[in-house]
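In: Model the following, please.
(chains A and B)
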Amino acid sequence: EPEVTQTPSHQVTQMGQEVILRCVPISNHLYFYWYRQILGQKVEFLVSFYNNEISEKSEIFDDQFSVERPDGSNFTLKIRSTKLEDSAMYFCASSRQGASTDTQYFGPGTRLTVL
Amino acid sequence: ILNVEQSPQSLHVQEGDSTNFTCSFPSSNFYALHWYRWETAKSPEALFVMTLNGDEKKKGRISATLNTKEGYSYLYIKGSQPEDSATYLCASPHGSGNTGKLIFGQGTTLQVKP
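Out: From the prediction side, this is the model:
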C-alpha cells in the first residue's frame, strides 16, 4: 500500500542553523501539507501546497519557513535560522483532491530538536 | 477560530473492555470530521472521514458516530486488545468548504492492559 515517507526520522541542530525536512508524498496525490506537534500540544497546521504554490498557510508559517517541490516526488520544508521553539515533531501529509472530505495520509514524522 | 476538543485525555482499560471517547467541534459550518489512530513512532493512520449527521462507520472492532447538530463524535472500541493502545486523534477542516487545513483535538491516549 502506498505511503508517505519522511526523512530524517530525527534531526538535531544548533539554534540559528537551517534545516530541510524531506517528504515523499503518495505518487498520485496532488495536495501536500505540513503539520507540527510541539510536545504536549495539539497537532497544528503549517501550510498546504498545490500546483507548485502555497494554497494556505497559518500564522506560524512566517518568513522563517518555506516549502518546495524540487522534483516530481519530493516535498520539502525549510526552516531558516532555527529557534529553540521550533523543536517539534513535523508531519508531512498528502491527499488526492484537497477537499475537506478527502483523507489526508500522514508520514511518520521528523522529530526536530533545536539546541 | 475552530476549536476541536477531545475527552478524556487518557484512558486505561483492561483487555476485553469496551471503551469510548468523545470529540467535540463547533456545529456551525460543519464539513467533515476525521478520525486518526496514532501509534508511537508510526504514521497517524486514517480511520474514518465522517460527513453526514447520524453517520455511523465501522472498521473491525472500531466504530464512530457523528452528531453535527450538537457538534460531537464518539469513537467506540469493542473488546479492547493491547494492540489498540494508541493515541486517537480527531480533526475537522477549518474555513470554507474545500480546504484541507485540519484542526486537531489534543487526542485521547488509550492504554489497554493484558
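In: residues from chain B in reach of chain A?
Out: Chain B comes close to chain A at residues B:31-32, B:34, B:36, B:41-44, B:46, B:49, B:51, B:89, B:91, B:93-95, B:97-107, as judged by CB under 8 Å from any CB of the partner chain. All C-beta atoms are positioned from the backbone trio N, CA, C, and that covers glycine.
In: try 7 Å
Out: By the rule CB under 7 Å from any CB of the partner chain, the part of chain B lying against chain A is B:31-32, B:41-44, B:46, B:49, B:51, B:89, B:93, B:97-102, B:104-106.
In: Keep only those of those residues that are in strands.
Out: B:46, B:49, B:89, B:93, B:102, B:104 (DSSP state E).
In: can these go into a markdown table with extra columns for pLDDT and neighbour count?
Out: Below are those laid out as a markdown table (pLDDT from 0 to 100; neighbours: other CB atoms under 10 Å in any protein chain shown):
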| residue | pLDDT | neighbour count |
| --- | --- | --- |
| B:Ala46 | 97 | 17 |
| B:Val49 | 96 | 20 |
| B:Leu89 | 98 | 25 |
| B:Pro93 | 89 | 26 |
| B:Leu102 | 94 | 25 |
| B:Phe104 | 96 | 22 |
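In: where's B:Ser73 relative to B:Leu47, distance?
Out: Going from B:Ser73 to B:Leu47 by CB to CB, to the nearest Å gives 11 Å.
In: so A:Met89 touches A:Thr113, yeah?
Out: No - counting by CB atoms under 7 Å, A:Met89 stays clear of A:Thr113, with 10.2 Å between them.
In: Have a look at those two and say which one is more surrounded.
Out: A side-by-side neighbour count of A:Met89 and A:Thr113, using other CB atoms under 10 Å in any protein chain shown, places A:Met89 first with 16 against 13.
In: what's the helix or strand for the more buried one?
Out: strand A:88-95 (DSSP states H and E).
In: Sketch out the low-pLDDT regions of chain A for me.
Out: The model of chain A has no residue with pLDDT under 70.
In: How about it: which residue is closest to chain B?
Out: Closest contact between chain A and chain B, by CB to the nearest CB, is at A:Ser100 (3.6 Å).
In: That residue touches B:Ala91, doesn't it?
Out: No - using CB under 7 Å, A:Ser100 is not in contact with B:Ala91, being 10.4 Å away.
In: Who has more neighbours out of the two?
Out: B:Ala91 (26 against 23).
In: Just give the closest residue to the residue in chain B that chain A sits nearest to, not the sequence neighbours.
Out: Closest contact between chain B and chain A, by CB to the nearest CB, is at B:Pro93 (3.6 Å). Leaving aside its chain neighbours, B:Pro93 sits nearest to A:Ser100 (3.6 Å; criterion: CB to CB, 6 or more residues apart in numbering or on different chains).
In: Can you classify that neighbour as helix, strand or coil?
Out: State at A:Ser100, reduced to three classes by DSSP: H, G, I helix; E, B strand; the rest coil: coil.
In: Pull out the buried positions in stretch B:54-61.
Out: Going by neighbour count (16 or more other CB atoms under 10 Å in any protein chain shown), the buried part of stretch B:54-61 is B:55, B:57.
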